[in-house]
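Chemist: Return a 3D structure for these sequence lines:
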Amino acid sequence: MDEHSGPINAFKYLYPPIEPFQKRMLSVSDGHEIYYEQVGNPSGLPVVVLHGGPGGGCNSSMRRYFNPKIYRVILFDQRGCGRSRPHSSTEFNTTWHLVDDMERIRIALDIDSWVVFGGSWGATLGLIYAQSYPHRVKNLVLRGVFAMTQDEIDWFYAGGAGRFMPEQWRSFQSVIPREERDDMIEAYHRRLFSGNTMEESLYSYTWTRWESALATIGANENAGNCPNSYARAFARIECHYFKNGGFLETDGHIYDNIDKIADISGVIVQGRYDLICPPSTAFRLSELWRKARLIMVPLAGHALSEPGITAELVKTMDALGKG
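Modeler: Residues are numbered from 1 along each chain as shown. Predicted coordinates for the structure are as follows:
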């Protein structure tokens, strides 16, 4: 699940644009290179930003949620997407590879512990990283939580969300033969990895357009128009992860391991009308994780750029920065 563009007035809550003071490629494992950048105060409070998807990549607006005088902001493109290489590759690309990549970045930057900031799939990855390395996480700030359960995947790819957006759901289904529509992820996976470039491009575009159409309240018919290179990485990597259940040991892996983050404080910012990651997930997580504070934004959907979500995230980071 990914971040998408939203109403321009969301930007009034953000800090002014700032250029990175460092941009690097880091060789990790199995032939992958990870792009990362640092923004803000080199001596500031470290915060790592986790983008959505999987496969979404970072963009410059994600730098602007943090006071650059207070924070040392680390952003990186996860395996196979954005500026990381090889592009759109799903080989040696699992949740556990991404957790290991985060640790490699932290060690390379000589950071003892950091704030973890992530939304949608970035919230999933942030939670799993924190459960794997709890002593390396100062705080968790999450948005639009996705726990990578089969129930959530079925909601979005087996018709649940389609009841609210029937026109868009029909478009998503229409390119798949009727006899294959009982498993849309499997049907798309066959075509996204067919080896036929034109076919892969068509299905990448359709996959990406379906999700983008549901990202914000008031998303218009042009939602999902994006460069082919972005759509290809996003669709292939996301489908690869969802087909494999996020490569997690159990269907409720995050819930099953909640005790591992019992001592970490967190904030969950959730849109009340999130059609991609329904609020029930954030609510359940907040009930199990006693040190988490849930902020339900009344008139907001899924996207990072929804004005109400943007405002709450900036306010949360400002409060954390004051100690």
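
Chemist: For residue 142, see how far away residue 123 is.
Modeler: Distance, residue 123 to residue 142, by CB to CB, to the nearest Å: 4 Å. Heads up, the C-betas are built off the backbone N, CA and C, glycines and all.

Chemist: Residue 55 and residue 232 touch, don't they?
Modeler: No - between residue 55 and residue 232 there is no contact under CB atoms under 8 Å: 9.1 Å.

Chemist: These two - which one has more neighbours?
Modeler: residue 55 (30 against 24; other CB atoms under 10 Å).

Chemist: who are the neighbours in contact with residue 276?
Modeler: The contact partners of residue 276, by CB atoms under 8 Å, 6 or more residues apart in numbering, come to 1, 120, 144, 146, 156, 161, 211, 214-215, 301-302.

Chemist: who touches the nearest residue to residue 15 once chain neighbours are set aside in this structure?
Modeler: In this structure, residue 15 finds its nearest non-sequential neighbour in residue 64, 4.9 Å apart by CB to CB, 6 or more residues apart in numbering. By CB under 8 Å, 6+ apart, the contact list for residue 64 reads 11, 14-18.

Chemist: buried set for stretch 296-303?
Modeler: For stretch 296-303, burial by neighbour count (16 or more other CB atoms under 10 Å) applies to 296-297, 300-303.

Chemist: Return the per-residue confidence for residue 17.
Modeler: For residue 17, the pLDDT comes out at 94.

Chemist: got it, and the one 4 residues further on?
Modeler: With respect to pLDDT, residue 21 has a value of 98.

Chemist: That one: neighbour count?
Modeler: Neighbours of residue 21 under the rule other CB under 10 Å: 13.

Chemist: Tell me the one among the contacts of residue 64 nearest to residue 321.
Modeler: residue 15 (11.2 Å; CB to CB).

Chemist: Quick check, the closest one in contact with residue 69.
Modeler: No - between residue 15 and residue 69 there is no contact under CB under 8 Å: 9.4 Å.

Chemist: Which one's more surrounded, these two?
Modeler: Neighbour totals were compared for residue 15 and residue 69, and residue 15 leads with 17 against 10 (other CB under 10 Å).

Chemist: distance of the more buried one from residue 139?
Modeler: 19 Å.

Chemist: Kindly report the same for residue 39.
Modeler: Taking CB to CB as the measure, residue 39 falls 19 Å from residue 139.

Chemist: of those two, who's got more company?
Modeler: Remark: of residue 39 and residue 139, residue 39 carries more neighbours, 26 against 20, as counted by other CB under 10 Å.

Chemist: isn't there a strand covering that one?
Modeler: Yes - under DSSP: H, G, I helix; E, B strand; the rest coil, residue 39 falls within a strand.

Chemist: hmm, back to that, which ones among the buried residues of stretch 296-303 lie within helices?
Modeler: Within the buried residues of stretch 296-303, no residue falls in helices by DSSP state H.

Chemist: between those residues, which is nearest residue 81?
Modeler: residue 303 (17.7 Å).

Chemist: quick revisit: just the buried residues out of the contacts of residue 64, in ChimeraX syntax.
Modeler: In ChimeraX, a selection of the buried entries from the contacts of residue 64 looks like this (16+ other CB under 10 Å):
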select :14,15
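
Chemist: Identify the farthest-apart pair in the contacts of residue 64.
Modeler: Checking the contacts of residue 64 with CB to CB, the most distant pair is 11 and 18, at 13.8 Å.

Chemist: Who has more neighbours out of residue 123 and residue 142?
Modeler: Applying other CB under 10 Å to residue 123 and residue 142 shows that residue 123 carries more neighbours, namely 33 against 28.

Chemist: hang on, isn't the more buried one packed against residue 145?
Modeler: Yes - at 4.7 Å, residue 123 counts as touching residue 145 under the criterion of CB under 8 Å.
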